[in-house]
Structure formats: structure tokens, C-alpha cells
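Asker: Generate a structure from the sequence data that follows.
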Amino acid sequence: MAPPVSGSAPRTVKLPTPREVAENHVAKQEAEAKAPPRQPADSFQDGPAGAKDLRARKGIQNVEGKLSPKATWPELPEKLSKKIAPEVWNALDEGQRGTLIASYKEFEKAGMWDHITQVVGEKEAREKPVKLPGGYQTQVHGNSGAIQYKVRDPVAFTNELIKHNPNFGVDGSFMAKMHPGQTSIRESTQPQPIHISVGPGNLMDAHIDHVNPVSTPKNGQTVMDLKRGVQHWREELLPELIRKHTGLPGVNLKPSLEVDSRGIEVSGTINLEFHGLEKQKPPKLQTHSNGEYDVPADAVKSYESKLDGLKLKFPQPLDVDAKAMAKDVAVKLADAKRRGDNTVRVDLPELAHLKGKQGPAVTEVHRLAAMVKQELVAAGLDVGDVSRLTVTFGKTNAKNAHATEGMTVGL
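Answerer: You can find the predicted model right below:
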């Protein structure tokens, strides 16, 4: 949080209590009973007639956009892309991008997207798949992941959401215990609804629950459905708690009740419950269409301006386009950070078997890569953990397809 301007007092944001939200909701609902329902403002899907043509005349591209977890940042709808930085979108895995897109749709549908000023990034990671023998993996119960945002005014956001969307309710103290210091808000009408937590300050986070634990709100407050509430706790909250304490993922506790002449007996079973079986996909570098970089634009501008000053001298027969190699290294640094890898790899097959020229080539690649890494860090893209550069020179022999010759240096 930025410090207050000299001479002014820090601004303290007080979130409304569930009772205050409920009372406010009832009063406004009675006063505006005859008012028409609010429609989402300028939705990218169903905005006002002529909005697309108007934007086109103003030279604004990508009105509709590609709302997909596989989309590149330039392909996103303008209303989403202008509130999320390219490096934030690129840092999200495909599952978390799906969480963001599903939440974005719900905010648009509720008429609340304009209250959001920024997509900050991942708040909570999704439960990872469990790796199985034979190169397979399976999904398990646990955390569904969450995305964090900034809102212009958290109190106005909460009140407007409840006022215009009676399918949303605020959790009471019991259900809100998992979100201390926040106002917990749940949607009631969908099997897999959005769950919003407002606070602290002007932060807000949201995720999509796998199981909806609530029924239609009353007086602006959530009403728990006992059966679905237990299922929600058992499939989303408990497995995460067990994994954090034991390291064992996918644990599913199934309680049961038996009533007889002796009284009530509570028992249960503990299972490892898997969902689906899929072949593990090897990590791939992200694709980059239309020449778009997966790195901050100011870093690209900075490292390109310094290429001439390096005076790189690659040995023959290499004919290296320094700008293209810098782009390749920058993208690989960003992807290595995203995948948790500490190594960047560059292949120079032209130098296969030319032992005397491989060392000088590695020296020049290292100079270029070190400069590019420095500029990425200076631009705010934390690739400091990517600490190794491996330069390979193609296959060593035709009999062993996996054998390569190369050198690894610190980066």
C-alpha cells in the first residue's frame, strides 16, 4: 500500500458487517421494488447496439476477443485485457485462467466488472493433479484456486452486488470463519457458483466452488443447505487441510450416522478418491502468435537497445540474428519461471562436432542471456531463480537419438 500524501491521514476502509449488508439490502429492495432490474453495462457479449461499430471507428481493436484459457493476452476481450497485465495472464496456468474467465463472466453478468480496477494475479493455487505410474495423472478433491483483484470501493462493491443481485448473499459468522477479515459472499443458483471474498482494504478474491453449499439467501444473508454444505466441506476444504498436514492429496472422508436402540453412532471411511485418468503432457513453451512477446514490453525495448553495445562475435559458421536470439531467450526465461525450471536451453546444431568453436559460442550466448535476464528483472519479471544456461550442439551420433553434446554455465 502506498504511503499517504504528506499532511493527510491514512484512509481506513471499514467493510460492512453481514447484518448491515442485510438491513441495507432489505431497505433498498423495498424502496425500489418497482424499478427495472439492472443490466450489465457495455458487456462484451451483449453490449448496447452499435458499441462494436463505435469502437471500430475509434480504432479500438479486439472488441469481442477470444475468451479462452488458451488465448494469448492480445486475443483477450478488451474489457478483460485492459485490467490484467500480459505477464500476469502469462503466469497463470490453464486451470487458473479458466477460473479467471468464469469469474469474469459472473462479474459481467452481475454488472460488477466496472467496480474492478485490476486483476492482481493468483491468490490460491489449484489442487495439483496426482502423478501415477506409467506417465498418467488424475484429478483429486481440494482447493479450486482463487484469483485476486482490486476494487475501487469495497463497501460500494459489496452493497451494489447484493442490491442488484438477490441470488447473492453474505455469509454469517459460522460460514465466514474460513475467510477472516473478509466479507464472504456466495451465489446461490448455480451448481458450481462463484464465491467472492472482499477485503482486506480494497482487495477482493474470487473462485468457483465445485459444490454449491447454499440455498436462496434470506434478507441478504446466505442460507446453508446442510447436505450440500457437508459435501462442500468434505470435497473442497477437508482434503486441502489434510494435504497441508500430511502431504497426502485426494483424501476424502465420508461420515455416516447409525441410529438404533443404543443411540446414535457416528462412523466414517477415509478414501483416496481420483477423478479421471489422463496422460501427462510434457511441459511446453508457450506459443507466441503475431510476434507477441511473453515478457514486459519495456524489458523488450530495453534489451533490444543494448544489443549493439554487446558487440557479440559468434564463430563461423554461425550466422546469428542477435535480436531473434534475445527474443527466444527472453521467452524461455519467462516460461522457465512459469514452469519452475531453473535452466534455459539454446541449441546451436551448426557447431555439432566443432569442438574448438563451441566454447567461444557459449561465451557469447551467455553474455546475451545474462543481459536479457538483467533487463527482465529490472522490468519486474522475477526470473532470478532461472540460474543455468545450457547450450547444446545437436546429436552426437545417429545410434543414440537422445545423446547430445553441450555445455552448461551459470546464469
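Asker: buried ones in stretch 321-340?
Answerer: By neighbour count on 16 or more other C-beta atoms under 10 Å, the buried set for stretch 321-340 is 325-338. Every residue, glycine included, has its C-beta placed from N, CA and C.
Asker: all helices of the protein, in order?
Answerer: Using DSSP state H, the helices of the chain run over 18-31, 51-57, 78-81, 86-91, 94-109, 154-164, 226-232, 238-246, 297-305, 307-310, 322-339, 355-378.
Asker: wait, which of the buried residues of stretch 321-340 is closest to residue 185?
Answerer: Compare each of the buried residues of stretch 321-340 with residue 185 using C-beta to C-beta and the shortest gap goes to residue 338, at 31.0 Å.
Asker: want to throw the buried residues of stretch 321-340 into TSV with pLDDT and distance to residue 217?
Answerer: TSV is the format used below for those (pLDDT from 0 to 100; distance: C-beta to C-beta, whole Å):
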residue	pLDDT	distance to residue 217
325	92	58
326	92	55
327	89	52
328	88	53
329	92	53
330	91	49
331	88	47
332	89	49
333	90	48
334	86	43
335	84	44
336	84	46
337	83	42
338	78	39
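Asker: Make CSV out of these and add distance to residue 87.
Answerer: Converted to CSV, the buried residues of stretch 321-340 look like this (distance: C-beta to C-beta, whole Å):
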residue, distance to residue 87
325, 21
326, 17
327, 15
328, 18
329, 16
330, 12
331, 12
332, 15
333, 12
334, 8
335, 12
336, 14
337, 10
338, 10
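Asker: with those in mind, which one is nearest to residue 385?
Answerer: Among these, and counting by C-beta to C-beta, the member closest to residue 385 is residue 337, at 6.8 Å.
Asker: gap between the residue lying closest to that closest one once chain neighbours are set aside and residue 90?
Answerer: Nearest non-adjacent residue to residue 337, counting by C-beta to C-beta, 6 or more residues apart in numbering: residue 383, 4.8 Å away. For residue 383, the distance to residue 90 equals 12 Å [C-beta to C-beta, to the nearest Å].
Asker: So for these two, which residues contact both of them?
Answerer: Both residue 383 and residue 90 are contacted by residue 334, under the criterion C-beta atoms under 8 Å, 6 or more residues apart in numbering.
Asker: what pairs with residue 389 across the strands?
Answerer: residue 344, residue 409 (DSSP bridges).
Asker: I figured it hits residue 411, correct?
Answerer: Yes. Using C-beta atoms under 8 Å, residue 389 is in contact with residue 411, at 4.4 Å.
Asker: Give me the common contacts of these two.
Answerer: Common neighbours of residue 389 and residue 411, using C-beta under 8 Å, 6+ apart, are 344, 366, 369.
Asker: Now distance to residue 379, neighbour count and pLDDT too, for the residues you listed, in a markdown table please.
Answerer: Below are those laid out as a markdown table (distance: C-beta to C-beta, whole Å; neighbours: other C-beta atoms under 10 Å; pLDDT from 0 to 100):
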| residue | distance to residue 379 | neighbour count | pLDDT |
| --- | --- | --- | --- |
| 344 | 17 | 25 | 90 |
| 366 | 21 | 17 | 95 |
| 369 | 16 | 24 | 94 |
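Asker: mind putting these in CSV, distance to residue 114 included?
Answerer: Output for the shared contacts of residue 389 and residue 411, formatted as CSV (distance: C-beta to C-beta, whole Å):
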residue, distance to residue 114
344, 41
366, 48
369, 43
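Asker: Out of those residues, which is nearest to residue 85?
Answerer: Closest to residue 85, out of all of those and judged by C-beta to C-beta, is residue 344, at 22.5 Å.
Asker: Report the separation between the nearest residue to residue 119 once chain neighbours are set aside and residue 356.
Answerer: Excluding the flanking residues, the one nearest residue 119 by C-beta to C-beta, 6+ apart is residue 84, at 3.9 Å. Taking C-beta to C-beta as the measure, residue 84 falls 49 Å from residue 356.
Asker: neighbour count winner among the two?
Answerer: residue 84 (21 against 8; other C-beta atoms under 10 Å).
Asker: For the more buried one, report the pLDDT, please.
Answerer: Per-residue confidence (pLDDT) for residue 84: 94.
Asker: ok, it - contacts?
Answerer: Neighbours of residue 84 in contact, by C-beta under 8 Å, 6+ apart: 73, 76, 100, 118-119.
Asker: List just the nearest of those residues to residue 361.
Answerer: residue 73 (33.4 Å).
Asker: does the closest one really touch residue 80, like I thought?
Answerer: No. At 9.6 Å, residue 73 does not count as touching residue 80 under the criterion of C-beta under 8 Å.
Asker: Compare these two and say which one has the larger neighbour count.
Answerer: For residue 73 versus residue 80, neighbours defined as other C-beta under 10 Å are more numerous around residue 80 (22 against 17).
Asker: Spatially, what comes nearest to the more buried one if we skip its sequence neighbours?
Answerer: residue 104 is the one closest to residue 80 (C-beta to C-beta, 6+ apart), at 5.7 Å.
Asker: So that neighbour versus residue 110, what's the distance?
Answerer: From residue 104 to residue 110 the distance is 11 Å (C-beta to C-beta).
Asker: which stretches of the stretch 301-411 of the chain aren't confidently modelled?
Answerer: 395-404 (pLDDT under 70).
Asker: Residue 147 is in contact with residue 96, correct?
Answerer: Yes. Contact criterion C-beta under 8 Å: residue 96 and residue 147 qualify, at 6.7 Å.
Asker: Now the common contact residues for these two.
Answerer: residue 122.
Asker: how close does residue 348 get to residue 365?
Answerer: Taken as C-beta to C-beta, the span from residue 348 to residue 365 is 8 Å.
Asker: Any chance you could list residues touching both of the two?
Answerer: residue 391.
Asker: what comes up buried for stretch 198-217?
Answerer: 198-199, 202-215, 217.
Asker: again, but for stretch 71-81
Answerer: So stretch 71-81, judged by 16+ other C-beta under 10 Å, has buried residues 71-73, 75-77, 79-81.
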